[in-house]
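Visitor: Can you look at this prediction? I've put the sequence above it.
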Amino acid sequence: MKSAIAASLLLAATAIAAPLEARAAATVGFALSNDQSGSYAGVTFPADGTDKTISSLFGSTSVGSSGHVLASSAQLTQFPGTINCVLKNNGAALATFTAQKTYADLDGNPAKVIPVNLDHATINCHA
């Protein structure tokens with residue numbers, strides 16, 4: 001009887017720990033578009049609360065092919081419902097993304113298409 005109780009407790013502890021592992025493994029899909037050149041690129045990375053440089057994520061993609069990462073808009077493409085991402089450029093917040101706000105016009109003027117240089121930008125996401 002005692003071994004059955006111990007086995008049940010171990011099984012319950014394992015079941016409780018599983019959601020924590022799933023949360024730690026959450027990934028984010030994030031895309032940049034340069035509507036002036038027509039280039040678009042998407043990447044995925046862990047939503048682990050650490051800064052990721054945009055140049056390391058997008059430097060070898062079509063939005064970074066000119067030696068600089070240039071984009072006019074950004075969008076979350078895959079995310080958990082509790083996501084919160086902050087895109088900073090040169091240390092200043094450029095856009096915040098959540099499950100309810102998944103798109104940002106980076107130049108701040110939806111009537112114009114002006115690519116923004118994101119060579120010194122970072123993104124930080126946590127779920």
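Guide: Noted; the coordinates are in hand. Numbering: from 1, shown residues only.

Visitor: got a list of what the spatially most central residue of the chain touches?
Guide: Closest residue to the average C-alpha location of the chain: Val28 at 4.4 Å, with Cα atoms, centre = their mean. Going by Cβ atoms under 8 Å, 6 or more residues apart in numbering, Val28 touches Thr44, Phe45, Pro46, Ala47, Leu76, Gln78, Phe79, Ile83, Cys85, Cys125. For every residue, glycine as well, the C-beta is placed using N, CA and C.

Visitor: low-confidence ranges in the chain?
Guide: 1-25 (pLDDT under 70).

Visitor: can you map out the strands along it?
Guide: Taking DSSP state E as the criterion, the chain contains strands spanning 27-34, 39-46, 48-53, 70-71, 73-78, 84-89, 92-98, 103-105, 116-117, 121-126.

Visitor: Columns distance to Ser62 on top of those, output as TSV?
Guide: As requested, those are exported to TSV (distance: least, Cβ to Cβ, whole Å):
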stretch	distance to Ser62
strand 27-34	8
strand 39-46	4
strand 48-53	18
strand 70-71	10
strand 73-78	14
strand 84-89	19
strand 92-98	20
strand 103-105	19
strand 116-117	16
strand 121-126	17
